[in-house]
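>>> Sequence first, then the predicted structure, then my questions.
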Amino acid sequence: MKIYHNPRCTKSRNALKLIQEKGFEIEIVEYLKTPLNTNELSSLIKLLGLTPEEIVRKNEEVFKNEFKGKNLTDEQWIKALISNPKLIQRPIITAQKKGIIGRDENELSKFLNQLI
């Protein structure tokens, strides 16, 4: 199992704690310190079954200042996310060729229970 984690984010810390409490072995990827490359991010988005725009944090200042109201292609969104990793929704948890944005603890719990 892997978590794309921002230790400064409460939701991300809570997700990590829940995963650890359930006894899963986990690889922690601090994506702000170790940014994803284009292939990694594209694969992650595909695994989630979402579009690049759907994983954008739209409350971030950089989104509001640079991207709000713009109609970007998937490739342009991926470039924007690579250049501004702070815009990537968090935490993202992957395991067994499945993935989830783990902001909702109940949804994350259901996801984890399916893996047991």
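Happy to help now that I have it. Numbers count the residues shown, from 1 in each chain.
>>> Quick one, grab the pLDDT at the residue nearest the centre of the chain.
Centre of the chain computed as the mean C-alpha position; nearest residue by Cα atoms, centre = their mean is residue 92, 3.4 Å away. pLDDT for residue 92: 99.
>>> how far does stretch 32-50 stretch from start to finish?
21 Å (Cα to Cα, to the nearest Å).
>>> Residues touching that stretch, excluding its own?
Residues external to stretch 32-50 that are found in contact with it (Cβ atoms under 8 Å, 6 or more residues apart in numbering): 4, 6, 51-52, 55, 78-79, 81-82, 85-86, 88, 92, 94, 97-101. C-beta here means a position set from N, CA and C on the backbone, and glycine is covered the same way.
>>> Which positions in that stretch come out as buried?
When burial is assessed from 16 or more other Cβ atoms under 10 Å, stretch 32-50 yields the following buried residues: 32, 35, 36, 41, 42, 44, 45, 48.
>>> Over to the residue of the chain positioned farthest from its centre. Which of the three states is it?
For the chain, the C-alpha lying farthest from the average C-alpha position belongs to residue 69; by Cα atoms, centre = their mean, that distance is 22.2 Å. When the structure is reduced to helix, strand and coil (DSSP: H, G, I helix; E, B strand; the rest coil), residue 69 reads as coil.
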